[in-house]
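**Q** Structure of the sequence below:
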Amino acid sequence: MLGALKPEVTETEMKSSAKRILTLLVVIPTFVSALGGIRIPRIYDGLLPVDFLPGALPQDVITILVCVILLGLTFSRYGDDLKANVILIGLYGSIWYLYGIVTIERVYNLLYLFYAASFAASFWSLIYTLTAIDWKNLSCELGIRIRRLTGISSIFIATLFTVLWILSLIPLMISRDRIEFLYSIYILDLCFVMPAFFMLGVMTLRGERAGILLTPAMMILGFFVIFPLGLNEVAKGFSHQAVSTGPMIVSFGFSIYMLALAVVQLRQMKIVVDGGE
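**A** Below you'll find the predicted structure:
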């Protein structure tokens, strides 16, 4: 009798609840990891390349900002908006990439299990968010100019970094050398990120809905990966290390370009689900 009086939980409400739980599972270990990086002195010493130690602090600050944005989007009234979900996917991806690096690079400090938890939780949250989208009843429209621009940009990014990383790997392969640091970037980029950029770029050029919808997420991921590299060069100046001006300018310019593309595409994208916007 009482069970019959309980209001039926809709599928949308179930998805919203699951997404909030998953976001908390991502944010909690990620926030602890970033805050620990800020508060615990010399926590990365000997575990990261010396050239990257100055950028650890700004990276952790940005990571806390990402956590705040994740919570704000997930628990706000825009949480079920499809464009908000695209942003969430990009943010999940950026956390997955960052903590994929420190997990694979064996940054074995007191926070390592939190790094691994962030790596795992962000990956599965990303997968859930992708599968929760109602692809069957979804259509996306985007102007031909911005569609071509984002599609070509995605393919260019994939091609550029694939070529650069392969050229960097060939000497190591010839000499049978095993580098101590940053090998994780080759793994993540060549096996996951760059193929995703390339495929989504092609799909966007062809006007396919998955490409149009998810390309902004990849651009957001790219922004949060590349922008901190520029901040690392800035931080070197405060650590009495040589600042590489060229890479700094390229990092800032490239990352801002990617963020601008994501913003423009999200603003111009027209999404229709079940015949209604």
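
**Q** use CA for all of it now, contacts and neighbours both
**A** Noted.

**Q** Show me the strands in the stretch 1-150 of the chain, by range?
**A** 138-141 (DSSP state E, counting those that start in this stretch).

**Q** which stretches of it have low pLDDT?
**A** 1-9 (pLDDT under 70).

**Q** same thing but 90
**A** Along the stretch 1-150 of the chain, segments meeting pLDDT under 90 span 1-16, 76-80, 134, 136-137.

**Q** Next, L182: phi, psi?
**A** phi 70, psi 10 (degrees, to the nearest 10).

**Q** Contact partners for it?
**A** I101, E105 (Cα atoms under 8 Å, 6 or more residues apart in numbering).

**Q** Ok, T10 next?
**A** T10 neighbours (Cα under 8 Å, 6+ apart): none.

**Q** Distance-wise, check it relative to S16.
**A** 10 Å (Cα to Cα, to the nearest Å).

**Q** Pull up the gap between the nearest residue to A121 once chain neighbours are set aside and L57, please.
**A** Once flanking residues are discounted, A121 sits nearest to V26: 5.2 Å by Cα to Cα, 6 or more residues apart in numbering. Distance, V26 to L57, by Cα to Cα: 20 Å.

**Q** Settle it for me: which of these two has more neighbours?
**A** Using other Cα atoms under 10 Å, the more surrounded residue of V26 and L57 is V26, with 27 against 20.

**Q** Dihedrals phi and psi, the residue nearest to C140 when sequence neighbours are not counted?
**A** Once flanking residues are discounted, C140 sits nearest to I271: 4.7 Å by Cα to Cα, 6+ apart. Main-chain torsions, I271, degrees, to the nearest 10: phi -110, psi 130.

**Q** Report the contact partners of I271.
**A** So I271 contacts L138, S139, C140, E141, E277 (Cα under 8 Å, 6+ apart).

**Q** so the second one bridges to which residues?
**A** Same thing as S139. Here S139 shows beta-bridge partners V272, assigned using DSSP bridges.

**Q** V272 is in contact with that one, correct?
**A** Yes - the pair S139 and V272 qualifies as a contact (Cα atoms under 8 Å) at a distance of 5.2 Å.

**Q** Tell me which of those two has more neighbours.
**A** Between S139 and V272, S139 has the larger neighbour count (other Cα under 10 Å), namely 19 against 14.

**Q** Mind giving me the packing neighbours of the lengthiest helix in the chain?
**A** When the chain is parsed with DSSP state H, its longest helix is helix 144-175. In terms of contacts (3 or more Cα pairs under 8 Å, 6 or more residues apart in numbering; DSSP states H and E), helix 144-175 is packed against helix 194-205, helix 209-238, helix 245-268.

**Q** If you count neighbours, what's buried in that helix?
**A** 146-148, 150-158, 161-162 (16 or more other Cα atoms under 10 Å).

**Q** which one of the residues you listed sits closest to Q265?
**A** Set against Q265, the nearest of the buried residues of helix 144-175 by Cα to Cα is I146 (6.8 Å).

**Q** Tell me who's in contact with the closest residue to that closest one other than its chain neighbours.
**A** Closest residue to I146 apart from its sequence neighbours, by Cα to Cα, 6+ apart: Q265 at 6.8 Å. Counting by Cα under 8 Å, 6+ apart, Q265 makes contact with L142, I146, R147, T150, P216.

**Q** now, among those, which is nearest to L205?
**A** R147 (6.3 Å).

**Q** what's near enough to touch the closest one?
**A** T204, L205, G207, I212, Q265.

**Q** Name the member of the residues you listed with the most neighbours.
**A** Most crowded among the contacts of R147, counting by other Cα under 10 Å, is I212 at 29 neighbours.
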